[in-house]
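Participant: Sequence plus the predicted model coming up.
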Amino acid sequence: MKLSTTTRAAVLSAALAGTLSLAACGASNEGASGSDSSGSSAEELSGDLVGAGSSAQQAAMQAWQAGFNADQPGVNFSYDPVGSGGGREQFLAGGVDFAGSDSALDDEELTAAEEVCGSSGVFELPNYISAIAVIYNLDGVADLNLSPATVAGIFNGSITTWNDPKIAADNPDATLPSTAITAVHRADKSGTTENFTDYLAKTAGDVWTDGKVGEWPISGGEAANGTSGVVASVSGGQGTIGYADESQAGDLGIANIKVGEEFVAPSAEGAAAVVANSERVPGRGDFDFAISVNRETTSVDEYPIVLVSYHIGCVEYDDQAKADAVKAFEAYVISEEGQQAAADAAGSSPISADLREQAQTAVDAITAAG
Amino acid sequence: MTTATQPAPGGTEQQGLVERHRQLPRFALAGLFAVGAVVGVLASVLTGFNLVLAVIYAVVLGTLSVYVASRSVEGSRKAVDRLVTCVVTTAFAVAMVPLVSLIWTVLGRGLRRLDGEFFNSSMLGVVGEGGGAYHAILGTLIITGLTALISVPIGLLTAIYIVEYGTGRLKKAITFLVDVMTGIPSIVAGLFAFALFAIFFGPGVRLGIMGATALSVLMIPVVVRSSEEVLKLVPNELREAAYALGVPKWRTIVKVVIPTAIAGLATAVTLAIARVIGETAPLLITVGIINGTNLDPIDGRMATLPVFAYYQLTQPGFPPEFAIDRAWTAALILIILVMALNVVARLISRFFAPKTGR
Amino acid sequence: MTTTSAPPEPPRPKRRVGDRIFAGSATGAGILILVVLAGVAAFLVSEAWPAVTAPAGDIPGGDGLTAYIAPLIFGTLLAAVIALVVATPLAVAIALYITYYAPRRLAAGMGYVIDLLAAIPSVVYGFWGIAALAPAMVPFYVWAEEHLSFIPLFAGPASATGRTMLTAGLMLGVMILPIISAISREVFSQAPALHREAALALGATRWEMIKMAVLPYGKSGVIGGAMLGLGRALGETLAIAIVLSASGGITFNLISNSNPSTIAANIALKFPESTGLDVNTLIASGLALFVITLAVNMLARWVVNRRADFSGAN
């Protein structure tokens, strides 16, 4: 007993000492500001830059922060991945400087935004594009082709086994087992689901009758939390199928989706291309690049199931330092370097040159009031 | 079974007045259990081997053979006692299975990144490999410390009020409302703290102290409920003895009641801290997350270990392995933190507890 | 410091300053709890109100608030009941084992290990549940569907991933096990030594001693611990959100992949992307959870108070 007391005391004091030394030394990767930015000719900015919103952008934000702070170590940047709804709400309440959101502001929110940003309105830049893959786990089927109506049938529960004639029609050469299909969908409300159901509603509207929704509308099937949950569920079962960001698919099978007359695998280029060739939502501000993705595309170079996530901010800020910081940050994000950093860290698709040119006009327009 | 009638040393023969007790020696019991267990394993092997079934058969048959043997040799009362011993031990073993599996999983996946870098760097500017939870560890320590600072005095005083002072309606109301409070879902506590601070600082406010407030809402009732149970167990004789000596009530509480219950109180507080230190949902709403270090709980967002782990797991980036490893290590560190807390609680109870029987 | 000629009835000495301060602060702490709770309740009601008064069609699902919340309430109760049924007997057995059966030298360490498990964050339980527990349960579900499907609980079809209500309930059981057992252990070890020794001296076996001297004494503590555990089980958020495949309505079928969600998990899953009335609806469901816990706790108090005579202080 005596011994154990001393042992525990030793452990305790070691723990305390550890904590104290932790507190004393500081994070090794922080501090030492500005010493390595000798190459950059840009003026030194400072102040806080706070964003919040889409959790899908979290990994990309991490990369953008790293790149941005290398140029501008004086800006104290933070991004809180509270979710798109929360991000828009905080932005509209003036709580954050910009929002990350998986969907553009709706009309009501646009009106509200005028109160925060003034008459010059908001910018919305589709800075994060990610292909959504239909992933599956089925032994013996290495290659799977699916047409939009088949995907819709699988996910609304009308196709229940893998050897269903509709799947067989898409895959004449494959030997399909009679395994039951477990369709895995997102349990949480998400931009991924919204983009996926938008695709189904537009390309297979007669099979998928529930429209574009963020919250899975049908009961039945398997529900999983977040992209990582869907991937875990699909890999954990046999005969499972789900939808998730292509970069997270890992070893799982990825279905080719019928576009026009051919079956197309998801790719970064295809995702960027479909966004580049989609139309802007009409009747919005000059710098509001909200996009209505062309899901019905027939070009085989495009992959129509994509998640488009925006950066939303004010064109005019009250404060010069804030405006400069937002401007510098967005300029970095849309630059080739910034997009490539996000692609490396989050597996997103870099935006096309045209899109970058458009976005640049918005970035150039960011100013301080007065 | 052949050993059952062997005269045990200590002599059963001389006990003329007392009824003779025949007793199974220890090793006979172990042997019986083993025989039953072997039969059970064999049975499962014959029906197609399955580890889980084998263990179940073995335990059931082992227990049965002990019971039957004991019943025939020692009588039914003793047999029931043996049966209960087997059942309780088995239940303990059953309960340990998921717990061990859990610890094993966390250790197995968390040790990979338990290195120096994890402790002394934050996530500022880290992409992919590397990085650490320095900011989150300190954030968790600060916020949990603040929470304890708010909750423990309030909780303890309330428990003392309920047990020692409370009378009539107010006591009933408080007891009842503490019960109600234990049922506040953690996310609702977070929403409450958020709404409260939003009134004063506007929406979009994120502070460490908000997190501490939300966690206090969760922690106070746990402190009250468990310390109330413990205080109630202090025998009334002790209080009466103190009063009889003319000791004022408050000194009786401070010098007699609390020291008697200190071990239980320390457990209660530790449990309560343990309950909140891993809370994720309310901190997601109130404290948010940042990649750099912020040690000031009244200025801006802070990183905390559970939120850090949650985001590293759910938004791992590409490739996901690095972030997922960080998440498990963060979970492991959380457990280690609580372990350290437990040691502190135990030291407190050892130093301050009066020497009693058990 | 004997007092003046006070009336002899109760030994009530003159209220000293220390006494007054101490009693005052204790009462103040109690009242503070009232205030906090009133704040939470006021917040919940005011935020839930728009959803209560909104037309049925505007509520998510389109069938009104009751239709939205009912399956959630059902799911919450079902998961918590499974957890409690599984955890309470095990926790009592653990507590008894540690206090009265385990070798003395090991007992302290075992108690320590169990305490520790109360501290594992729920996210970790969730990932353990989905990584280890759910796959391990799949063979059992397949077997149960084949052999036990006549019982409605095991009607099937068996889930291919194991992320079912039963898995969630078992996981919750594991989560609340340390809470219940820690408190039970504390009260069991406090059972008066005199009673215990008297029982043993009268020739009782160890089990009879426990049955006569320990269990009656510890009963209220066990129920108190169980209620604390239940509180955690009812309000558990992220672990359930991660493990349970919540894609269905009210059903007693425990082994399929269509399960009702629980209130707290549903809030966690839907809150980040919700705005406007959706948020109010979620908070209204939080209010429902609040009321459920209130009812459960009232019941528990009533049970405990019927046997209050073993408590030392009253």
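Facilitator: Thanks, I have it.
Participant: ranges for the strands of the stretch 201-314 of chain C?
Facilitator: Counting by DSSP state E, counting those that start in this stretch, the stretch 201-314 of chain C has no strands to list.
Participant: which parts of it sit against chain B?
Facilitator: By the rule CB under 8 Å from any CB of the partner chain, the part of the stretch 201-314 of chain C lying against chain B is C:205-208, C:210, C:220-221, C:224-225, C:227-228, C:231-232, C:234-235, C:237-238, C:263-264, C:267-268, C:271, C:283, C:286, C:289-290, C:292-294, C:296-298, C:300-301, C:311-314. Backbone N, C-alpha and C define where each C-beta goes, glycine included.
Participant: ok, now the stretch 151-300 of chain A?
Facilitator: Going by CB under 8 Å from any CB, the residues of the stretch 151-300 of chain A near chain B are A:225-229, A:247-248, A:250.
Participant: Filter those down to just the ones in helices.
Facilitator: A:226-229 (DSSP state H).
Participant: one step back: within reach of chain C, which of the residues of the stretch 151-300 of chain A next to chain B are there?
Facilitator: Checking these against chain C by CB under 8 Å from any CB, the ones in range are A:225, A:229.
Participant: Serialize the residues of the stretch 151-300 of chain A next to chain B to a markdown table and add fields for neighbour count.
Facilitator: Shown next, in a markdown table, are those (neighbours: other CB atoms under 10 Å in any protein chain shown):
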| residue | neighbour count |
| --- | --- |
| A:Asn225 | 28 |
| A:Gly226 | 24 |
| A:Thr227 | 28 |
| A:Ser228 | 23 |
| A:Gly229 | 29 |
| A:Ser247 | 24 |
| A:Gln248 | 24 |
| A:Gly250 | 13 |
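Participant: A:Gln358: which of the residues of the stretch 151-300 of chain A next to chain B is nearest?
Facilitator: A:Ser247 (25.1 Å; CB to CB).
Participant: Leaving out sequence neighbours, find the closest residue to the closest one.
Facilitator: Excluding the flanking residues, the one nearest A:Ser247 by CB to CB, 6 or more residues apart in numbering or on different chains is A:Gly347, at 2.2 Å.
Participant: again with B:Ala69
Facilitator: Nearest residue to B:Ala69, sequence neighbours excluded (CB to CB, 6+ apart): B:Leu32, at 5.3 Å.
Participant: Run through who's touching the strand or helix carrying the one you found.
Facilitator: Element membership of B:Leu32 [criterion: DSSP states H and E] is helix B:26-46. Applying CB atoms under 8 Å, 6 or more residues apart in numbering or on different chains, the contact partners of helix B:26-46 are B:1, B:3-4, B:50, B:53-54, B:56-66, B:69-70, B:82, B:86.
Participant: ok, now with 7 Å
Facilitator: B:3-4, B:50, B:53-54, B:57-58, B:60-62, B:64-66, B:69 (CB atoms under 7 Å, 6 or more residues apart in numbering or on different chains).
Participant: Excluding chain neighbours, give the residue nearest to the closest residue to chain A within chain C in space.
Facilitator: Here the residue of chain C nearest chain A is C:Pro272; by CB to the nearest CB that distance is 2.4 Å. Leaving aside its sequence neighbours, C:Pro272 sits nearest to A:Gly83 (CB to CB, 6+ apart; 2.4 Å).
Participant: So which bits of chain C are right by chain A?
Facilitator: C:60, C:130, C:134-135, C:160-161, C:163, C:241-242, C:245-249, C:257-258, C:269-270, C:272-275 (CB under 7 Å from any CB of the partner chain).
Participant: is it true that A:Gly253 touches A:Leu144?
Facilitator: Yes: taking contacts as CB atoms under 7 Å, A:Gly253 lies within contact range of A:Leu144: 6.1 Å.
Participant: circling back to that earlier point, just the buried subset of the residues of the stretch 201-314 of chain C next to chain B, please.
Facilitator: Buried subset of those (neighbour count, 16 or more other CB atoms under 10 Å in any protein chain shown): C:205-208, C:210, C:220-221, C:224-225, C:227-228, C:231-232, C:234-235, C:237-238, C:263-264, C:267-268, C:271, C:283, C:286, C:289-290, C:292-294, C:296-297, C:300-301, C:311-313.
Participant: follow-up on the earlier one: run a quick check on the residue of chain C closest to chain A versus A:Pro81, I expect a contact.
Facilitator: No: counting by CB under 7 Å, no contact exists between C:Pro272 and A:Pro81, whose distance comes to 8.6 Å.
Participant: Overlap in contacts, the two.
Facilitator: A:Ser55.
Participant: buried residues in the helix holding B:Leu32?
Facilitator: For helix B:26-46, burial by neighbour count (16+ other CB under 10 Å) applies to B:28-29, B:31-33, B:35-37, B:39-41, B:44.
Participant: Phi, psi for the residue nearest to A:Ser247 please.
Facilitator: The phi and psi values for A:Gly347, taken as degrees, to the nearest 10, are phi 70, psi 30.
Participant: I'd like the distance from A:Ala368 to A:Val96, if you could.
Facilitator: From A:Ala368 across to A:Val96, the span is 17 Å (CB to CB, to the nearest Å).
Participant: All the strands of the stretch 51-200 of chain A, residue numbers only.
Facilitator: In the stretch 51-200 of chain A, the segments counted as strands under DSSP E, counting those that start in this stretch are A:75-80, A:98-101, A:122-137, A:145-146, A:182-186.
Participant: Please identify the pairing partners of the last one and their relative orientation?
Facilitator: Looking at strand A:182-186 with DSSP bridges, its partner strands are strand A:222-224 (parallel), strand A:240-245 (parallel).
Participant: Give me the contact list for it.
Facilitator: Strand A:182-186 is touched from outside by A:154-155, A:192-193, A:216, A:221-224, A:230, A:233-234, A:237, A:239-242, C:160-161, C:257, with contacts defined as CB under 7 Å, 6+ apart.
Participant: again, only this time at 6 Å
Facilitator: For strand A:182-186, contacts defined as CB atoms under 6 Å, 6 or more residues apart in numbering or on different chains pick out A:154-155, A:193, A:216, A:221-224, A:230, A:233-234, A:237, A:239-242, C:160.
Participant: The residues you listed, buried ones only, as a ChimeraX selection?
Facilitator: Listed next is the ChimeraX selection for buried residues among these, using 16+ other CB under 10 Å:
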select /A:154,155,193,216,221,222,223,224,230,233,234,237,239,240,241,242 /C:160
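Participant: pLDDT value on residue 268, please?
Facilitator: Just so you know, I chose chain A. Predicted confidence (pLDDT) for A:Ala268: 89.
Participant: my bad, chain C
Facilitator: As predicted, C:Ala268 sits at a pLDDT of 82.
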